[in-house]
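Enquirer: Take this sequence and fold it.
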Amino acid sequence: VPETLDSIGDNALYNTSLEKIFIPRNVVYVGDRSLSIPALKEAIFAPAVAPVGYNAFVYADNVTIYVPDYEGYSKNSSLAYFASKMKPMVTAETSEFEKEKDESIAPKFSCNIPGYKLVNIDLSTLDSSVGNHHANLEASFEGERNFTTSIGFDYQVKEIDTGVDNVSVSPSVLIRGGKG
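Expert: Numbering: from 1, shown residues only. Now for the predicted structure:
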């Protein structure tokens, strides 16, 4: 699929023999049955927001769909039916962080797409304040096709409770008694 394409029409690739497909970042519409390809094994979606369309993968029973924001894609009404076939492009080592005051967080990510490598992920938009957060992180991949997309990341930051209040301690004075 060319990078300049912004939509895939109804039945566009219906019943073709494609085994892999890459959907470019600027695609905003995937038509009805457009990706209904029984031979399809892998679909990589680069758009940060799930393209609007219905029944795109009907009859593509063995497909794994790699998406940049699993939560966003799986809750999209037109693609929710295919959520069980979806996997996030990346997985974070953890989504819960404990930190001391003024400490930043630095999650580690790994790529889930076979044959691809996560070469860069921009963590500059992460909020290190205590609470629940969602961030869109620009991620670059190398593989059969090099691409960049915005990865959705939900995470929680907690402050470490050291169990010690701010207590000031003054030096103690040792007095020894003796015979004089």
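Enquirer: what ranges do the strands span in the protein?
Expert: Using DSSP state E, the strands found in the chain span residues 7-8, 20-23, 29-30, 42-45, 64-67, 86-88, 90-92, 96-99, 109-111, 117-121, 131-142, 147-159.
Enquirer: TSV please, covering these and showing distance to Val52.
Expert: C-beta: built from backbone N, CA, C; applies to glycine. As requested, these are arranged in TSV below (distance: least, CB to CB, whole Å):
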stretch	distance to Val52
strand 7-8	9
strand 20-23	13
strand 29-30	6
strand 42-45	13
strand 64-67	14
strand 86-88	16
strand 90-92	24
strand 96-99	33
strand 109-111	27
strand 117-121	27
strand 131-142	19
strand 147-159	17
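Enquirer: What is the burial count for Val119?
Expert: If you count neighbours by other CB atoms under 10 Å, Val119 ends up with 13.
Enquirer: ok, back up a step: tell me which of the strands of the chain lies nearest to Gly53.
Expert: Proximity to Gly53 (CB to CB) singles out strand 29-30 among these, at 3.9 Å.
Enquirer: Quick one: end-to-end length of stretch 9-25, please.
Expert: Using CA to CA, to the nearest Å, one end of stretch 9-25 lies 16 Å from the other.
Enquirer: Likewise for stretch 137-149?
Expert: Here the two ends of stretch 137-149 are set 8 Å apart, with distance taken as CA to CA.
Enquirer: Pull out the buried residues from it.
Expert: 137, 139, 141, 143, 147, 149 (16 or more other CB atoms under 10 Å).
Enquirer: Between which two of those residues is the distance greatest?
Expert: Leu137 and Gly143 (18.4 Å).
Enquirer: what's the lowest-mean-pLDDT helix or strand in the chain in contact with?
Expert: Least confident helix or strand, the chain: helix 70-74 with a mean of 87, by mean pLDDT, DSSP states H and E. Contacts to helix 70-74, defined as CB atoms under 8 Å, 6 or more residues apart in numbering, come from residues 45, 48-50, 65, 67, 79-80, 83, 86-88, 152, 154.
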